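> My questions concern the predicted model and sequence given below.
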Amino acid sequence: MNNHMDYLKQRVLAGLMSRREFIGRAGALGVSAAFANTMLSHAVHAAGPKKGGTIRMGFQGGSTTDSLDPALATNQVALMVIRMWGESLTELGDDGSIQGKVAESFSSSPDARIWTFRVRQGLTFSNGQPVTAEDVVATIDRHAGEDTKSGALGIIRGIKSAKADGRDVIIELESPNADLPYLIGDYHLAIQPNGGKDAPDAAIGTGPYILKEVEMGVRFVAEKNPNYWGDLGHAQTLELLVINDNTARVAALQSGQVDMIDRVPPRTAGLVARAPNINVHKTSGPGHYVFIMHCDTAPFDNNDVRLALKYGINRQEMVDKILFGYGSVGNDTPINASYPMFTELPQREYDPEKAAFHMKKSGYDGPIVLRTSDNSFPGAPDAAALFQQSCAGAGINLEVKREPNDGYWSEVWNKQPFCTSYWGGRPVQDQMFSTAYLSSADWNDTRFKNEQFDQLLIAARAELDQGKRKQMYADMGTILHNEGGLICPMFNDFIDASSDRLAGWVEGVNGFALMNSYAPLRMWVA
Amino acid sequence: MIRNIPLAAMVGLVFTGFYFAMAILAPWIAPYGMAEIVGDVWEPSSPEHWLGTDNIGRDLLTRMIYGGRTTIFIATVATLISFCTGAIFGFWAAVAGGWVDQLFSRFVDLVMSIPSLILALVILSVMPVTVPVLVLVMGFLDSTRVFRLSRAVAVDITVMDYVEAAKLRGEGYRWVIFREILPNALSPLVAEMGLRFIFMVLFISTLSFLGLGIQPPEADWGGIVKENADGINYGIGAALYPAVAIATLAISVNLVADWVLTRTTSLKGGR
Amino acid sequence: MSPVLKLIAQRVALGLLLLFMVSVLIFIGTLILPGDVAQSILGQSATPEALANLRRDLGLNDPPVQRYFAWLGGVLQGDLGTALTSGQDIASVMWARLENTLFLAFWAAVISVPLAIFLGLLAVRYRDRWPDKLISGVTLASISVPEFLIAYVLMFFIGVKLRWLNPTAIGFRPDADVLSKLEAIALPVAVLTLVVLAHMMRMTRAAILNVMQSAYIETAELKGLSLFSVIWRHAFPNSIAPVVNVVMLNLAYLVVGVVVIEVVFVYPGMGQYLVDHVSKRDVPVVQACGLIFAAVYIGLNLIADIVSIVSNPRLRHPK
């Protein structure tokens, strides 16, 4: 029978048999459809990518207000467009390690304070111009400049100076940071000719595709860059369509209007997967749905109130009902297993008695107002309603206040003392902690100020002994878990889907959704 | 009296009455607490949960009963406000004519010409979103539509001989409006009122959609449709119950309106 | 000058004045709107430094009166400014969007208005018989279901299950031929028709019924005309004023209020464009869109007013 299956697989690969027919024949041999499908995708994968064709994508997040300037990219669509035309110095590998992109190699001084990145030999921009170390320095310069609007400014600020030396870029940091290669791979920092100082939104870079048609918030078309140096980009044409409505996005995939979508709503993911020609891909990642309290505002300045609320939330119920199982429970720290130096802490469970105990101990018995809106994370008002119910079980009176979607991030988040929010996570602990939990962090949205935590964080950056460093992050996690203003009930999985017109999906790629946004560049038309 | 009511109007009255009664008696007839989580997500209907459960496991029947209460209350009050102000000012403008008419009409044009999305956003973002404010804002925004219609109808009537006669007799505006215009303009207005009521029901859900409407865990029917709409394409009917409720309410209210329409026209009709 | 022309000229002048007042109101409205453009542009990834830099670049530190007149001056010269967020020229992007919106609204109107009037006449003709009740029931049901639900249901059954039409309008290209454009918007047009049909149909029915009691209708009936031609020739022309009003309201809705439909079907029209920019507090774009919407609305109203004047002999010849 195995021989026969192999024969059938070969016929599919040779284009002599349709996928549907294959599954039918396999069924006749007593092989289940699901298994046959897996077998086939393995076979297709093993045969290697096919070149040419068009991949059409329907993604959420694009807006007519977007710009092509990589410094201003804030959403999935903008990120995906950068992936098409541009590349940064480094990139996260599938296993979480760091690989060179524009940089062919990199190294550091023993104290991790001075870093050297060597620009890849013979690399050219899509306009034919060669890539030089000066272009890299100019890019860093533009994002760090006095008048920058860059989203990468927080990353870049630790850089004291960047100099070009032949093909080398020498970066000197203010203080040692062993994670620089991770940080410098940030998608905002795509290398542009003269750093994009002349034309920030020209979309000229070293990426595998060249943008041909741009209609902000609607549609992007890119053609293969014939001079691309690497092995990314199998399709000849990529067409990216912005589809913000969940139901419309799924319908477009089901009807074959597009081949790939992101953010399948968890509620319907299981039902979408039932369709025979659609594969739903789930990837766990560092993104988390959170409730954040300001540690410096009454009543949340009392750690017992914070603990009461932490014990008053039913994490498993949230994962089941908000994420429909597409995710994992959180433990009141922003770190999970997707981080390189993760240490597990004892899991905090829903415990109404402890919650009531801490509430009583705090002496506070007034109402607690929780603000929420649909765009803080999908299903946030529902999650707030669940939280309200589980708190009621502990005798805690939680008042839920729904705020307008519009203006939530500017009027409520980081302003009101208790609200729902979302963090996309970062590739490494240091960056996550420095972004939101250091006393002086730009987005310290829990107003968390803890001297011991700060000291550990700074020390960990310079610690090159992995074992010691891991322990330091574990200690920081414990501090946050016990004293922080963060209630983290769940980490959400990324749920993407593609039709069987495409092949080449790789499971478990480290990073973010859509194979860390490389899916359109690594998949091919089967 | 009851024997004179046609079957359609009877059906309308029964349904309307049923929904209103349900709204008033909600706390006594709802089987569970409004926000209480009693089961799994989207359970099918069962003896415990007649309509199944909603998107986070609350009893759908209970949600519907409480949702109906919010929906019907807000829509009714807002419709009344909108009709009273809209019709009175509309008639006044038509009867007075001249600069009064111009002032009102242009002001209404001004308000109406700004997209209601932006207007609602601006008004509700500077005011606290409480139910009375919501009702007033909805009634105010909607009264502009009623104004236009009632003015258009009344202008046609004011040039009728009997109105001119009344004016010549020296009757005041109030007399003309309530004795001459109102009875003759009633039928298009009543026809409109049934529809306006439904638009109010939908308007609440639009505001909830923008995050400006009803505060959770309360809900309105439109909001329940929205919460459960994800399931609709996979045969999960939770969104259909509130949709059907809105539709039946719409039809029955309008059946009643039609009946009133017939009665007013036959009161007036000489045939 | 004939009194009608004078009245019309008056209305046009008033319309322009109104437009000016709307521009002031819109400007004030965008000032009141809470939230800050710089913060909204950068979203969650904003640092205080980046915020301050952006705010200065956008000229948000100038006094409002100065900003208003600078804007008005530009508008009068046909320059709507550039979008704060993307730096694109607003006029060129917005005309393309407006064209798309008008295309959708046009086809929805072409189908729904005659259909609504025809159904209204039919309902009067068969008043209180089953056609009347059927028409009333179906249109009422369609109007009372939230529009996104109708959209989802049609999308699923016609687009995904039956595969008769594409479920979304992502295949819409403004430069394609009319036929393929119509294919792309077929579903949105169907939903819009269902949404606006009931209102216009019911108003037609009620307005005609209202004049059916008049003496001249009785005369016409006594002349031995068939009921339908009495309705069509005598009753309908006399009830045109309220009908035109409702039709105009719905046409305005088709242009101004179709945000939900545009979002659901992914149609690149004005609504989506406006909502994107409202949420980013991109004031020049919001102002420009608001002004265009107001102009459309005022224009349609002007038409309704003029039709009412022309159709009413008593208004045409005031005593």
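Done, it's in. Numbering: from 1, shown residues only, chains lettered A, B, ... in the order given.

> neighbours around residue 273, how many?
Just going to use chain A. By the measure other C-beta atoms under 10 Å in any protein chain shown, the count of residues near A:Ala273 is 16. C-beta coordinates here come from the backbone N, C-alpha and C atoms, glycine included.

> try chain C instead
Per other C-beta under 10 Å, the neighbour tally for C:Tyr273 reads 30.

> need the next SSE after the lowest-mean-pLDDT helix or strand in chain B, C-terminal direction.
In chain B, the helix or strand scored least confidently by mean pLDDT, DSSP states H and E is helix B:116-126, which has a mean of 72. Later in the chain than helix B:116-126, the nearest helix or strand by DSSP states H and E is helix B:131-158.

> So which bits of that next one are buried?
Buried residues in helix B:131-158, counted by 16 or more other C-beta atoms under 10 Å in any protein chain shown: B:134-158.

> filter those down to the ones near chain C?
Counting by C-beta under 8 Å from any C-beta of the partner chain, B:Arg145, B:Arg148, B:Leu149, B:Ala152, B:Val153, B:Val155, B:Asp156 from the buried residues of helix B:131-158 sit close to chain C.

> Now do the longest helix anywhere in chain B against helix B:131-158, angle only.
Counting residues, the longest helix found in chain B (DSSP state H) is helix B:60-96. Using axes from the mean of the first three to the mean of the last three C-alpha atoms, to 10 degrees, the direction of helix B:60-96 lies 40 degrees away from that of helix B:131-158.

> Run the angle between the helix or strand that helix B:60-96 is followed by and helix B:116-126 for me.
Counting by DSSP H and E, the next helix or strand C-terminal to helix B:60-96 is helix B:98-113. Helix B:98-113 and helix B:116-126 are oriented at 90 degrees to each other (the same axes, to 10 degrees).

> helices and strands around helix B:98-113, which ones?
Under the contact criterion of 3 or more C-beta pairs under 8 Å, 6 or more residues apart in numbering or on different chains; DSSP states H and E, helix B:98-113 touches helix B:60-96, helix B:131-158, helix C:3-32, helix C:283-311.

> Compare the ones you listed and give me the one nearest chain A.
For those, proximity to chain A was assessed by C-beta to the nearest C-beta; helix C:283-311 is nearest, at 8.0 Å.

> What is the neighbour count of the residue in the stretch 1-150 of chain A positioned nearest to chain B?
Proximity of the stretch 1-150 of chain A to chain B (C-beta to the nearest C-beta) peaks at A:Gln60, 14.5 Å away. Taking other C-beta under 10 Å as the criterion, the count of residues near A:Gln60 is 17.

> measure it to B:Ala166 for me?
63 Å (C-beta to C-beta, to the nearest Å).

> Also A:Val319?
Using C-beta to C-beta, we find A:Val319 at a distance of 72 Å from B:Ala166.

> quick one, phi psi at the residue in the stretch 51-200 of chain B positioned nearest to chain A?
At 4.8 Å from chain A, B:Ile56 is the closest residue in the stretch 51-200 of chain B, using C-beta to the nearest C-beta. Backbone torsions for B:Ile56, taken as degrees, to the nearest 10, come to phi -130, psi 20.

> Could you count how many residues lie near it?
25.

> Show the low-confidence segments of chain B, by residue range.
Along chain B, the model assigns pLDDT under 70 to residues B:1-3, B:117-118, B:121, B:209-211, B:233, B:263-271.

> can you list the residues of it near chain A?
Counting by C-beta under 8 Å from any C-beta, the residues of chain B near chain A are B:35-37, B:41, B:55-57, B:121, B:124-125, B:210-212, B:215-217, B:227, B:229-231, B:233-234.

> Which among those count as buried?
Burial by neighbour count, judged by 16+ other C-beta under 10 Å, picks out B:35-37, B:41, B:55-57, B:121, B:124-125, B:210-212, B:215-217, B:227, B:229-231, B:233 from the residues of chain B next to chain A.

> got the contact list for residue 88?
Went with chain A since none was named. Taking C-beta atoms under 8 Å, 6 or more residues apart in numbering or on different chains as the criterion, A:Ser88 is in contact with A:Lys101, A:Val102, A:Ile184, A:Gly185, A:Asp186, A:Tyr187, A:Leu189, A:Ala190, A:Ile191.

> my bad, the chain I had in mind was chain C
Counted by C-beta under 8 Å, 6+ apart, C:Gln88 has contacts A:Met216, C:Thr82.

> closest point of the stretch 151-300 of chain C to chain B, which residue?
Closest residue of the stretch 151-300 of chain C to chain B, C-beta to the nearest C-beta: C:Ala206 (3.6 Å).

> again with the stretch 351-500 of chain A
Closest point on the stretch 351-500 of chain A to chain B, by C-beta to the nearest C-beta, is A:Pro404, at 4.0 Å.

> In this structure that residue contacts B:Leu212, no?
Yes: A:Pro404 is in contact with B:Leu212 according to C-beta atoms under 8 Å; the separation is 5.3 Å.

> just to revisit the earlier point, could you measure from the residue of the stretch 51-200 of chain B closest to chain A over to B:Leu240?
18 Å.

> One more: C:Leu31?
Per C-beta to C-beta, C:Leu31 is found 43 Å from B:Leu240.

> Counting neighbours, go ahead and name the busier of those two.
Set C:Leu31 next to B:Leu240 and count neighbours by other C-beta under 10 Å: B:Leu240 wins out with 19 against 12.

> which residues touch the more buried one?
B:Leu240 sits next to B:Ile232 when contact means C-beta under 8 Å, 6+ apart.

> Likewise for the one 5 residues further on?
Applying C-beta under 8 Å, 6+ apart to B:Ala245 gives the contacts B:Tyr19, B:Met64, B:Gly68, B:Trp221.

> out of everything not next to it in sequence, what's closest to the third one?
To tie it back to what came earlier, the one meant is B:Gly68. Nearest non-adjacent residue to B:Gly68, counting by C-beta to C-beta, 6 or more residues apart in numbering or on different chains: B:Ala23, 5.1 Å away.

> can you check the first one too?
Using C-beta to C-beta, 6+ apart and skipping residues adjacent in sequence, the residue nearest B:Tyr19 is B:Leu249, 5.5 Å away.

> Could you check how many residues crowd around that neighbour?
The burial count for B:Leu249: 24, using other C-beta under 10 Å.

> tell me which element it is part of?
Per DSSP H and E, B:Leu249 falls inside helix B:240-268.

> relative to helix B:60-96, how tilted is that helix?
Interaxial angle of helix B:240-268 relative to helix B:60-96 (the same axes, to 10 degrees): 30 degrees.

> how far is helix B:240-268 from where the chain is centred?
Helix B:240-268 has its C-alpha centroid displaced from the chain centroid by 12 Å (C-alpha atoms, centre = their mean, to the nearest Å).

> Which positions within it qualify as buried?
Within helix B:240-268, the residues scored as buried using 16+ other C-beta under 10 Å are B:240-265.

> Which residues are in contact with the residue most central in space within chain B?
The centroid of chain B falls nearest to B:Phe197 when counting by C-alpha atoms, centre = their mean (1.8 Å). Residues near B:Phe197 by C-beta under 8 Å, 6+ apart: B:Ala75, B:Thr76, B:Thr79, B:Ala250, B:Val253.

> could the residues you listed go into JSON lines alongside distance to C:Gly15?
Shown next, in JSON lines, are these (distance: C-beta to C-beta, whole Å):
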{"residue": "B:Ala75", "distance to C:Gly15": "33"}
{"residue": "B:Thr76", "distance to C:Gly15": "36"}
{"residue": "B:Thr79", "distance to C:Gly15": "30"}
{"residue": "B:Ala250", "distance to C:Gly15": "35"}
{"residue": "B:Val253", "distance to C:Gly15": "36"}
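
> So which of these is the closest to C:Pro131?
In terms of C-beta to C-beta, no member of the contacts of B:Phe197 lies closer to C:Pro131 than B:Ala250, at 19.6 Å.
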